[in-house]
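Peer 1: Need coordinates for the following:
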Amino acid sequence: MRDARLAQLEAVYRREYRRFLRVAVAVLHDEDRAVDAVQEAFATAIRKRRQFRGEGTLEAWVWRMVVNAALKESARPIHEELADIAAAGSAQDPTTVAEAVARLPERQRLTLFLRYYADLDYRSMAAALEVAPGTVAATLNAAHTTLRRLLQEVRP
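Peer 2: Modelled structure (predicted):
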């Protein structure tokens with residue numbers, strides 16, 4: 001008989017791979033390394049599948065592994081595409097926005113990545129980051145506030 005958790009992980013992998021990869025690329029700014037990080041996250045999830053306690057969704061548990069694997073690969077989680085998202089509708093240079101995002105604390109950067117790359121809801125983000133949903137909202141708000149302040153500082 002096939003392991004039910006393994007089948008669930010396979011379904012998450014097939015359904016969400018592209019979103020996992022987008023976040024890993026955002027963190028690593030290198031597609032090859034991002035593919036490796038996502039693969040490593042799933043290998044870890046498969047090895048540790050019996051440790052999943054059911055607190056939150058299996059997908060959120062895997063998100064945490066993807067984020068951890070990508071962070072393990074990179075000390076500087078920033079990508080130009082996030083800068084483009086943050087700069088949408090503004091006259092800011094994307095490079096300036098990328099530099100501002102790079103100055104954010106890690107949790108704020110990760111929250112932005114999960115929100116704008118993975119399009120996760122607050123509850124899933126909270127599970128992936130191992131924080132309360134209210135913390136996600138506060139962190140996202142703080143990231144936006146800090147970005148606005150940093151970008152106003154660089155305006156001519």
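Peer 1: For R22, grab the count of nearby residues.
Peer 2: Burial measure for R22: 19 neighbouring residues, criterion other Cβ atoms under 10 Å. In this view, the C-beta of every residue, glycine as well, is placed from N, C-alpha and C.
Peer 1: contacting residues for it?
Peer 2: Under the criterion of Cβ atoms under 8 Å, 6 or more residues apart in numbering, the neighbours of R22 are 117-118.
Peer 1: Local confidence estimate at it?
Peer 2: For R22, the model assigns a pLDDT of 91.
Peer 1: Look at it and give its secondary structure.
Peer 2: Going by DSSP: H, G, I helix; E, B strand; the rest coil, the secondary structure assigned to R22 is helix.
Peer 1: how far away is it from Q51?
Peer 2: 26 Å (Cβ to Cβ, to the nearest Å).
Peer 1: cool, Q8 as well?
Peer 2: According to Cβ to Cβ, Q8 stands 14 Å off from Q51.
Peer 1: can you give me the helices in the protein?
Peer 2: With DSSP state H as the criterion, the chain has helices at 4-28, 31-47, 58-73, 80-87, 94-102, 106-116, 122-129, 133-154.
Peer 1: Out of these, which gets the lowest mean score?
Peer 2: Within the helices of the chain, confidence is poorest for helix 80-87, with a mean of 49 (mean pLDDT).
Peer 1: follow-up on the earlier one: what about Q8 and Q51, which has more around it?
Peer 2: Regarding Q8 and Q51, a neighbour count based on other Cβ under 10 Å identifies Q8 as having more, with 15 against 8.
Peer 1: What separation is there between that one and Q108?
Peer 2: When Cβ to Cβ is applied, the distance between Q8 and Q108 equals 31 Å.
Peer 1: starting at the chain centroid, how far to stretch 96-115?
Peer 2: 10 Å (Cα atoms, centre = their mean, to the nearest Å).
Peer 1: Now the terminal residues of it, how far apart.
Peer 2: 21 Å (Cα to Cα, to the nearest Å).
Peer 1: Would you mind listing the buried residues in that stretch?
Peer 2: For stretch 96-115, the neighbour count (16 or more other Cβ atoms under 10 Å) marks 96-98, 100-101, 104, 108-115 as buried.
Peer 1: can you redo those residues as CSV with distance to A26?
Peer 2: Converted to CSV, those look like this (distance: Cβ to Cβ, whole Å):
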residue, distance to A26
T96, 18
V97, 13
A98, 11
A100, 15
V101, 10
L104, 13
Q108, 14
R109, 9
L110, 10
T111, 12
L112, 9
F113, 5
L114, 9
R115, 11
